[in-house]
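*Asks:* Could you work out the structure for the sequence below:
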Amino acid sequence: MAKAPPKTPTFTIAPSPAKGTKGSAWQQFVNKWAAKYPALKANAPDIQAAANEANIDPIYFASVLLLESGASYTVKDSSKGAIGIGQVMPLHVGGTVPWDSTKTVTLQDLRSPGFNLRYSAYYLATQIGQLGYANAYAGAPGTTSGGYNHGYTGTGPQGFINGWNKQYVPQTTSTSPPGAVGVQAPGGTAPAAVDVKDPYVVLTANGSVHFVNATSEVPKNSLNYFGLPMTRSQFLQYENTLDNTYLAYTGKRATLAQVAQNVKNGWSTTQVQIQLANTAAFKNSPVWKQNAPSYTAAWQSIYGPNSKPDPKALAYAIVHNLDTTAFAETLRSRADYTSSQEFKQKAAALSSTYTSIFGVPDENGNTVVQQAAKNGYDANQFANYLRAQPQYTSSDEFKSSAMAWAKSMGLLNTVPAPAASALSTATTPAPAAIVPQTPTPAATPSPQGVIPDNRATKGATPP
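*Replies:* Have a look, this model is predicted:
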């Protein structure tokens, strides 16, 4: 009779180090923490752009934001009053806007997601310039001031970096200073005088836009931009930038009312793209027509040639400008990946590998195989891992190899196999040799350890 399958080990599979990590260092870092901090993935383009503008390392900046807010625009104010994605304290109100010395920071500025992110990058750049990356977050040891969050005693942003790559060393993005002026303490320069040739933008009750000249007081219902009344030149410049997004995502230019609404909301480019990607017109947009075919091909290479892509998955890839490799990795992290053609093929191959070593897998064994398939093992990598487990010495494969070796060394005596008519089950092949007085082996014990998940997109719990 065929032996009952052995009790199956329960463990978590890690991908092979031999497969390496795909994408740039920035992409690797984002993918590492994206599962636990989805806001990082959503806001990655904005974070990278803000870091590049301030000439600081985007990975270090993202680590600071993860520590402060989980890299989320929607984080609540802290118990001490810190605001926004960068958790900027209100004491910065009244300081000079680092990229425009004619303006001062307002509380409304700090509550604008785009301003808060940008200001956080410049402020961190100032600390890096004064203290270096090692002390930029908590300040230099033994000092009473300095640092993005002076006096912090935990692992800090370095904990997120180490959790991804302990060998990574943060670097500035250029040798240029972070801006014309650094982020300063409260105080700063007063706003410039009003230019009567550049009228203010005013919103009417029905949301339409008008331009109004004023020589002394700001008109009622003026449109504020980063906490300050917006002028026509600023509005038209913003409109020109926004038009690029609207043309790509809708095929049409933004209306004045849409421009004004985006200014009021304080949306970043990515936030605007997300909003437009949720409209019915998006599937007929130029950016969809340009990119959807390649993403569809990547989807079908995983889920099968006849599968219908999830439009939300394609929209996410378009908004975040993923390459097809990065898009494929996001698909492999979806809950429905286990129903895909790729997963089923991987699982079948790994199941055969498991069977050849530990025997036919039971329910637990199938779970192990699925974990290995999810985490990117190929057959050789999976076999090498299984053979490294302590329980391998009780496996069928090991016993067979040990018996063969013992026979080759003349350590075992053999007797002729019994005739076929003597077998209790006709379909069971007779053994080639029987070891006298050898007891029937017990079921192979299962490995009890836990296989860690080493994939670049899944990491250890952050600090």
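*Asks:* next one: phi and psi at S101?
*Replies:* Phi and psi for S101, reported as degrees, to the nearest 10, are phi -70, psi -10.
*Asks:* Quick one: the helices in the stretch 151-300 of the chain, in order.
*Replies:* Under the criterion DSSP state H, counting those that start in this stretch, the stretch 151-300 of the chain contains helices at 158-164, 232-250, 256-265, 269-277, 286-303.
*Asks:* Quick one, which of the ones you listed gets closest to P98.
*Replies:* Nearest to P98, of all the helices of the stretch 151-300 of the chain, is helix 232-250, at 17.6 Å by C-beta to C-beta. To be clear about C-beta, it is placed using only N, CA and C from the backbone, and glycine gets the same treatment.
*Asks:* The helix ranked longest in the chain to helix 256-265, inter-axis angle?
*Replies:* For the chain, the longest helix by residue count, based on DSSP state H, is helix 113-135. Relative orientation of helix 113-135 versus helix 256-265 (axes from the mean of the first three to the mean of the last three C-alpha atoms, to 10 degrees): 40 degrees.
*Asks:* buried stuff in helix 113-135?
*Replies:* 113-128, 131, 133, 135 (16 or more other C-beta atoms under 10 Å).
*Asks:* Start and end of stretch 373-391, how far apart?
*Replies:* Length of stretch 373-391, first residue to last, C-alpha to C-alpha, to the nearest Å: 21 Å.
*Asks:* Buried ones in that stretch, by neighbour count?
*Replies:* Across stretch 373-391, burial judged by 16+ other C-beta under 10 Å covers 373-378, 381-383, 385-386, 389, 391.
*Asks:* what's the neighbour count on the residue nearest to V105 when sequence neighbours are not counted?
*Replies:* Leaving aside its sequence neighbours, V105 sits nearest to G95 (C-beta to C-beta, 6 or more residues apart in numbering; 5.0 Å). Using other C-beta atoms under 10 Å, G95 has 20 neighbouring residues.
*Asks:* I'd say G95 and T106 touch.
*Replies:* No. Here G95 lies out of contact with T106, judged by C-beta atoms under 8 Å, at a distance of 10.2 Å.
*Asks:* hang on, the earlier thing: now, the most widely separated pair of the buried residues of stretch 373-391?
*Replies:* Farthest apart among those by C-beta to C-beta are G376 and Q391. That separation is 23.4 Å.
*Asks:* Report pLDDT for P390.
*Replies:* P390 carries a pLDDT value of 84.
*Asks:* what does L423 give?
*Replies:* 26.
*Asks:* again, but for A39
*Replies:* Reported pLDDT for A39: 92.
*Asks:* ok, now which ones touch it?
*Replies:* Taking C-beta atoms under 8 Å, 6 or more residues apart in numbering, we find A39 in contact with 69-74.
*Asks:* Can you pull the phi/psi pair for it?
*Replies:* Phi and psi for A39, reported as degrees, to the nearest 10, are phi -60, psi -30.
*Asks:* wait, doesn't P199 sit right on M230?
*Replies:* No. Counting by C-beta under 8 Å, P199 stays clear of M230, with 10.3 Å between them.
*Asks:* didn't W99 look like it was pressed against F115?
*Replies:* No. If you go by C-beta under 8 Å, W99 and F115 don't touch, sitting 10.1 Å apart.
*Asks:* mind showing which ranges of the protein have poor pLDDT?
*Replies:* Flagging of the chain using pLDDT under 70 yields the residue ranges 1-23, 144-145, 172-197, 214-216, 226, 407, 410-463.
*Asks:* Now do the domain split for it, please.
*Replies:* 17-164, 200-282, 285-333, 334-414+442-463 (automatic domain parsing).
*Asks:* So for P170, which of those domains sits nearest?
*Replies:* Distance to P170, taken as C-beta to C-beta, is lowest for domain 17-164 among the domains of the chain, at 3.9 Å.
*Asks:* Quick one: the helices in the stretch 1-150 of the chain, in order.
*Replies:* Per DSSP H, counting those that start in this stretch, the stretch 1-150 of the chain carries helices over the ranges 25-34, 38-54, 58-69, 107-110, 113-135.
*Asks:* In TSV, list these along with distance to G159.
*Replies:* Listed next are the helices of the stretch 1-150 of the chain as TSV, based on distance: least, C-beta to C-beta, whole Å:
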stretch	distance to G159
helix 25-34	11
helix 38-54	15
helix 58-69	8
helix 107-110	26
helix 113-135	14
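*Asks:* and A280, which of those helices is closest to it?
*Replies:* helix 38-54 (21.9 Å).
*Asks:* what's the angle from that closest one to helix 58-69?
*Replies:* Counting by the same axes, to 10 degrees, helix 38-54 points 130 degrees away from the direction of helix 58-69.
*Asks:* about what we covered before: how about the helices of the stretch 1-150 of the chain, which one is nearest V259?
*Replies:* helix 113-135 (14.7 Å).
*Asks:* elements contacting the closest one?
*Replies:* helix 38-54, helix 58-69, helix 107-110 (3 or more C-beta pairs under 8 Å, 6 or more residues apart in numbering; DSSP states H and E).
*Asks:* any idea which of the ones you listed is most buried?
*Replies:* Mean neighbours per residue, mean count of other C-beta atoms under 10 Å, is largest over those for helix 58-69, with a mean of 25.
*Asks:* Show me what it is packed up against.
*Replies:* Contact partners of helix 58-69 among helices and strands, from 3+ C-beta pairs under 8 Å, 6+ apart: helix 25-34, helix 38-54, helix 113-135, helix 158-164.
*Asks:* Any chance of those in JSON lines with distance to K344 as columns?
*Replies:* Below are these laid out as JSON lines (distance: least, C-beta to C-beta, whole Å):
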{"stretch": "helix 25-34", "distance to K344": "24"}
{"stretch": "helix 38-54", "distance to K344": "27"}
{"stretch": "helix 113-135", "distance to K344": "42"}
{"stretch": "helix 158-164", "distance to K344": "31"}
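*Asks:* closest to T324 among the buried residues of stretch 373-391?
*Replies:* Among the buried residues of stretch 373-391, G376 lies closest to T324 (C-beta to C-beta), at 16.7 Å.
*Asks:* any idea how far T241 is from that closest one?
*Replies:* 40 Å (C-beta to C-beta, to the nearest Å).
*Asks:* go on, T153?
*Replies:* Using C-beta to C-beta, one gets 42 Å for the distance from T153 to T241.
*Asks:* which one of the two has more residues nearby?
*Replies:* Taking other C-beta under 10 Å, T153 and T241 do not tie; T241 has more neighbours (13 against 6).
*Asks:* Report the contact partners of that one.
*Replies:* Here T241 is in contact with no residues (criterion: C-beta under 8 Å, 6+ apart).
*Asks:* can you check the one 10 residues further on too?
*Replies:* Under the criterion of C-beta under 8 Å, 6+ apart, the contact partners of G251 comprise 281, 284-286.
*Asks:* Would you mind putting the residues you listed into CSV with distance to F398 and neighbour count alongside?
*Replies:* CSV is the format used below for the contacts of G251 (distance: C-beta to C-beta, whole Å; neighbours: other C-beta atoms under 10 Å):
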residue, distance to F398, neighbour count
A281, 63, 12
N284, 61, 10
S285, 59, 22
P286, 60, 12
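*Asks:* now these in JSON lines, with distance to K220?
*Replies:* What follows is the contacts of G251, written out as JSON lines (distance: C-beta to C-beta, whole Å):
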{"residue": "A281", "distance to K220": "35"}
{"residue": "N284", "distance to K220": "40"}
{"residue": "S285", "distance to K220": "37"}
{"residue": "P286", "distance to K220": "40"}
